[in-house]
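Chemist: sequence and computational prediction follow.
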Amino acid sequence: MATRPEQLAPPEVFYNDTEARKYTTSSRMVEIQANLTERALELLNLPEDGEPKLLLDLGCGSGLSGESLTECGHHWLGMDISEAMLDVACEREVEGDVMLSDIGQGLPLRTGVFDGAISISAIQWLCNADKTANDPRQRLKAFFQTLYRSLARGARAVLQFYPDGPKQVEMISSAAMRVGFSGGLVVDFPHSTRAKKYFLVLMAGPPSVNSTLPKAKGVDGGSESNEDDVSEDDEGATVEFADRQRHAKRRRKDGKRGKGRSWILNKKRQQREKGVEVPADTKYTGRKRKARF
Amino acid sequence: MRLLTHNMLACNIKGVTKGYPLKIEATKTEEKETDFNAGFLRHIYPKLDWKALREAAASLGLEELPEQVEPSQLEDEDFLRRFHHVLLEIHLEEGALVCPETGRRFPVSKGIPNMLLNEDEV
């Protein structure tokens, strides 16, 4: 498995001049970012009154995602922790404003002003503890609290991220729910390793008619090319906690009854057929030892 | 950084309650023309802190905005053009933003405000 950049260095160090330039000149990156932003905008479900909105781009980097926002006519404010990335953004003369800010320290923004927020491949960085002062849970909390505050009532935030496991997904989404967001995870192409994308769709304010979670892409067919195939997503409907429960159940079953005599006899027969030397079956096989032993 | 962004920014140092509006210390500003869109201006107007925008414009030595905006003025093209110019076309390139409560300076260089906090401020 390829190494994750999150494991190499903190974001402000990892995205140095060379990395920032590489990121922005790679046509593959540009395309991926553009696609992800388009999808995020779709999930943002902005009212279609044709008026430009004021959006927030968290972890804007060199402004690749912002460019897609500009194309749709929106004004945006970008934040990133990497100065090199922002310098590239300035050179490319992106339309939105960018600022140097650590979203894990909370967003330095006023209350209730943004019509929506997107974040492309950024918030998994919040789970790093690069410095002793960094506690991922604290940082996630600060981030989601201030994000919730800065959004207008009923506005959405769509955060695309690359989790390194189900635990991280749960940590991030439970942090979001704790500060009052509703919503959950939408997983596009859940059956594919490469095309699989996690979007955390969050809604600020009380639940309303249009606060149902959007459907994920490519759930049934699972083919990467068939992007029009939109169907009901069971996993995406709620935030995934199922994994944890399943483990607990298995453990309970194991502890209580063990595998049983017939299972052991069957295994021994299989091994014998393979030619492995196995102790003979007796009346003691598979019996529990007495406590006094 | 445009004044639109300035209007949205607040100081988020731990314990600060009145971290808004940030004062502008400008050493260099620039003018960049952008497309005029009346719809956006009308949409954004209720979300702006008008007093903060007026003060920011005054501190940059721009032409004065009225103290209060009548709803009829939002239909007036002439006013909207002035509003548009102040809000979206003036960029603060070099200088600093100063927190009104603590006096903490957030430097602005190449148009990018540095809002990073020190560890003891989080």
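Modeler: Perfect, thanks for sending it.
Chemist: spit out the contact partners of residue B:7.
Modeler: Contacts were defined as Cβ atoms under 8 Å, 6 or more residues apart in numbering or on different chains; by that measure residue B:7 touches A:110, B:21, B:48, B:49, B:52, B:53, B:56, B:87. No exception for glycine: its C-beta is placed from N, CA and C like everyone else's.
Chemist: could you check the pLDDT of residue A:293?
Modeler: Note for residue A:293: predicted pLDDT of 63.
Chemist: cool, and residue A:134?
Modeler: Looking at residue A:134, its pLDDT stands at 79.
Chemist: and for the one 5 residues further on?
Modeler: According to the predicted model, the pLDDT of residue A:139 comes to 91.
Chemist: and the closest residue to chain B within the stretch 151-293 of chain A, which helix or strand is it part of?
Modeler: Going by Cβ to the nearest Cβ, chain B is nearest to residue A:152 of the stretch 151-293 of chain A, at 7.4 Å. Assigned by DSSP states H and E, residue A:152 belongs to strand A:151-161.
Chemist: who touches stretch B:9-28?
Modeler: By Cβ under 8 Å, 6+ apart, the residues outside stretch B:9-28 that reach it are A:99, A:105-110, A:146, B:6-7, B:49, B:51-52, B:55-56, B:59-60, B:92-102, B:104-106, B:113, B:115, B:117, B:121-122.
Chemist: what do you get for stretch A:25-39?
Modeler: For stretch A:25-39, the external contacting residues (Cβ under 8 Å, 6+ apart) are A:23-24, A:64-65, A:67-69, A:118, A:120-121, A:160, A:188, A:197, A:199, A:217.
Chemist: need the strands for chain B, in chain order.
Modeler: Counting by DSSP state E, chain B has strands at residues B:23-31, B:90-98, B:105-109, B:112-113.
Chemist: how many other residues sit next to residue B:65?
Modeler: Neighbours of residue B:65 under the rule other Cβ atoms under 10 Å in any protein chain shown: 19.
Chemist: pretty sure it contacts residue B:83?
Modeler: Yes - the pair residue B:65 / residue B:83 is scored as a contact, 7.2 Å apart, by Cβ atoms under 8 Å.
Chemist: any common contacting residues for the two?
Modeler: Shared contacts of residue B:65 and residue B:83 (Cβ under 8 Å, 6+ apart): none.
Chemist: quick one, what contacts residue B:57?
Modeler: Residue B:57 is in contact with B:3, B:63, B:64, B:65, B:86, B:90, counting by Cβ under 8 Å, 6+ apart.
Chemist: where in chain A is pLDDT low?
Modeler: Low-confidence segments of chain A (pLDDT under 70): A:1-2, A:207-211, A:220-257, A:293.
Chemist: go with 80
Modeler: Chain A contains residues with pLDDT under 80 at A:1-3, A:49-50, A:129-134, A:205-214, A:218-259, A:292-293.
Chemist: do a quick rundown of the strands in it.
Modeler: With DSSP E, the ranges of strands along chain A come out as A:54-58, A:75-80, A:97-100, A:114-120, A:151-161, A:182-188, A:197-203.
Chemist: what helices or strands is the first one leaning on?
Modeler: With contacts defined as 3 or more Cβ pairs under 8 Å, 6 or more residues apart in numbering or on different chains; DSSP states H and E, strand A:54-58 has these neighbours: helix A:64-71, strand A:75-80, strand A:114-120, helix A:136-150.
Chemist: between those, which one is nearest to chain B?
Modeler: Chain B lies closest to strand A:75-80 among the helices and strands packed on strand A:54-58, at 5.5 Å (Cβ to the nearest Cβ).
Chemist: what lines up beside the closest one in the sheet?
Modeler: Sheet pairing here is set by DSSP bridges, and for strand A:75-80 it gives strand A:54-58 (parallel), strand A:97-100 (parallel).
Chemist: reformat these as TSV; add mean neighbour count.
Modeler: Shown next, in TSV, are the strands paired with strand A:75-80 (neighbours: other Cβ atoms under 10 Å in any protein chain shown):
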stretch	mean neighbour count
strand A:54-58	25
strand A:97-100	25
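Chemist: just so I know, which of those strands lies nearest residue A:85?
Modeler: Closest to residue A:85 of the strands paired with strand A:75-80, according to Cβ to Cβ: strand A:97-100, at 8.8 Å.
Chemist: kindly export that closest one (C-alpha atoms) in CSV.
Modeler: Included here for strand A:97-100 are C-alpha records, laid out as CSV according to Å, rounded to 0.1, in the frame of the first residue of the first chain:
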residue,chain,number,x,y,z
ASP,A,97,-9.5,35.2,-1.2
VAL,A,98,-7.2,32.9,0.6
MET,A,99,-5.8,33.0,4.1
LEU,A,100,-3.3,31.2,6.2
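Chemist: got a list of what the spatially most central residue of chain A touches?
Modeler: The residue lying closest to the centre of chain A (Cα atoms, centre = their mean) is residue A:161, at 3.8 Å. Applying Cβ under 8 Å, 6+ apart to residue A:161 gives the contacts A:119, A:121, A:122, A:123, A:124, A:172, A:198, A:200.
Chemist: give me the neighbour count for the first one.
Modeler: It refers to residue A:119. By other Cβ under 10 Å, neighbour count at residue A:119 equals 24.
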